[in-house]
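Peer 1: Using only what follows, build the 3D model:
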Amino acid sequence: MVFYFESNIVSPPALLFMGADKHENEDLIKWGWPEDVWFHVDKVSSAHVYLRLQSGQTLDDVSSSVIEDAAQLVKANSIMGNKMNDINVVYTMWANLKKTPGMDVGQVAFHKENEVRKIKVAKRINEVVNRLNKTKREEHPDFRAEREKRDKLEREDKKKLLREQRKREEEEEKKRKEAAELKSYNSLMNEENMSKYDDGNDSDDFM
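Peer 2: Numbering: from 1, shown residues only. Here you go, the predicted structure:
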């Protein structure tokens, strides 16, 4: 089971979600999307919260308010973290999560530490947590099927872009050939005109 939330302080609303327990977290780690941003309380047990970016969006494009919403959601769903002030929440792109066979269920590391960001959360803000909880819904998604559908659509989009690019290149090549042929034709016509009106006699005297 996965819990979904909407951060409606932006338009369109940003999608936040988290697994109900460590087993769902494990599936989210395995079948995450390249567009997913992972959040967790630093050095303290907590829920794994994800932010799904919009198409074409990067982490640098995300509103700081949405980042703060995700951090508040992580803190509120951490037994220890929820009781503490001045905690750090770490976040990084899903692709930077590292899972090795020896790790416990739900445990992760990082491929590149320098791609992990932090945000300081001074205290729980009930107004934010309550706003997010009002949008909460429960679903039982098929993680693998959703990821495969996403990848299929991406492949189709790439094929479409390649076809469009190939078509543009063919049209440009056709225009270049037509322009070259026209230039060659004009040049030929000028030479024929010069030959037609040139009688080889410099004199205008016909007598």
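Peer 1: in stretch 32-40, what counts as buried?
Peer 2: Counting neighbours by 16 or more other CB atoms under 10 Å, one finds that the buried residues in stretch 32-40 are Gly32, Trp33, Glu35, Asp36, Val37, Trp38, Phe39, His40. Placement of C-beta: from N, CA and C, glycine included.
Peer 1: which strands and helices sit next to the top helix by length along the chain?
Peer 2: Longest helix in the chain by number of residues (criterion: DSSP state H): helix 143-197. Judged by 3 or more CB pairs under 8 Å, 6 or more residues apart in numbering; DSSP states H and E, the packing partners of helix 143-197 are helix 22-30.
Peer 1: Domain ranges for this structure, per the record?
Peer 2: What automatic domain parsing lists as the domains of the chain is 2-141, 143-197.
Peer 1: mean pLDDT lowest for which of those?
Peer 2: Of all the domains of the chain, the minimum mean pLDDT falls on domain 143-197 (a mean of 81).
Peer 1: Now Lys43: closest residue in space that isn't a chain neighbour?
Peer 2: Of all residues not flanking Lys43 in the chain, Asn88 sits nearest, at 7.8 Å (CB to CB, 6 or more residues apart in numbering).
Peer 1: So for the helix or strand hosting that neighbour, what gets flagged as buried?
Peer 2: Assigned by DSSP states H and E, Asn88 belongs to strand 87-93. Neighbour-count burial for strand 87-93, counted by 16+ other CB under 10 Å, picks out Ile87, Val89, Val90, Tyr91, Thr92, Met93.
Peer 1: Dump those residues into TSV; add distance to Ala70 as well.
Peer 2: Listed next are the buried residues of strand 87-93 as TSV, based on distance: CB to CB, whole Å:
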residue	distance to Ala70
Ile87	14
Val89	8
Val90	11
Tyr91	7
Thr92	12
Met93	13
